[in-house]
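In: Model the following, please.
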Amino acid sequence: MKRPTSLTDLPMFAHDDAIAIVFMGPGKTVEWRQIAALLEPRGLPKIDPMMGGRYVPAVKRFFDDEYKLTAGPPSAAPDGPEELGSCKPRRRILRV
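Out: Okay, here's the model as predicted:
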C-alpha cells in the first residue's frame, strides 16, 4: 500500500501510523499516539480490537465536532468489545 496522503487513501479502519500521516504529516506517529491518548477520554474513537484500527469516519467526525464544523450531538462510541456467538435466543412465552 502506498503512503496515504488524504482521508480517501485510508481504509475504514486505519492503523495509527496511517492516521498520523494524514492528520499530522509524515514522521509524527509518536506525537499522534500521545495526542490520541489525551483525546480518547474526550471522545476520539479508540482502536477497535476486532478491526485493528480506528474507524476513520468517526475520527474525522470527532475533529469536525471539536472545531464546530458539524451540527447536532456528537457521534456515539462503541460500548465495549464484541463477543461473537454470545447472543442467546429469546424464549417465547406462551399465554393461555
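In: buried sites along stretch 48-67?
Out: Gly53, Arg54, Tyr55, Val56, Ala58, Val59, Lys60, Arg61, Phe62, Asp65 (16 or more other CB atoms under 10 Å). No exception for glycine: its C-beta is placed from N, CA and C like everyone else's.
In: Contact partners for the residue lying closest to Met12 once chain neighbours are set aside?
Out: If the residues on either side of it in the chain are set aside, Met12 comes closest to Val56, at 6.0 Å by CB to CB, 6 or more residues apart in numbering. Counting by CB atoms under 8 Å, 6 or more residues apart in numbering, Val56 touches Leu7, Leu10, Pro11, Met12, Phe13, Ala14, Ile19.
In: so which of the residues you listed comes closest to Leu44?
Out: Ile19 (10.2 Å; CB to CB).
In: show me the contacts for the closest one.
Out: Leu10, Trp32, Gly53, Arg54, Val56, Val59.
In: May I have whatever helix or strand it lives in as PDB, with CA atoms only?
Out: In this assignment (DSSP states H and E), Ile19 forms part of helix 16-24. The C-alpha trace of helix 16-24 is given here as PDB (Å, rounded to 0.1, in the frame of the first residue of the first chain):
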ATOM      1  CA  ASP A  16      -2.400   4.900  14.000                       C
ATOM      2  CA  ASP A  17       0.700   5.200  11.700                       C
ATOM      3  CA  ALA A  18      -1.500   6.000   8.600                       C
ATOM      4  CA  ILE A  19      -3.800   8.300  10.600                       C
ATOM      5  CA  ALA A  20      -0.800  10.200  11.900                       C
ATOM      6  CA  ILE A  21       0.500  10.800   8.300                       C
ATOM      7  CA  VAL A  22      -2.900  12.100   7.100                       C
ATOM      8  CA  PHE A  23      -3.800  14.200  10.100                       C
ATOM      9  CA  MET A  24      -0.400  15.500  11.200                       C
END
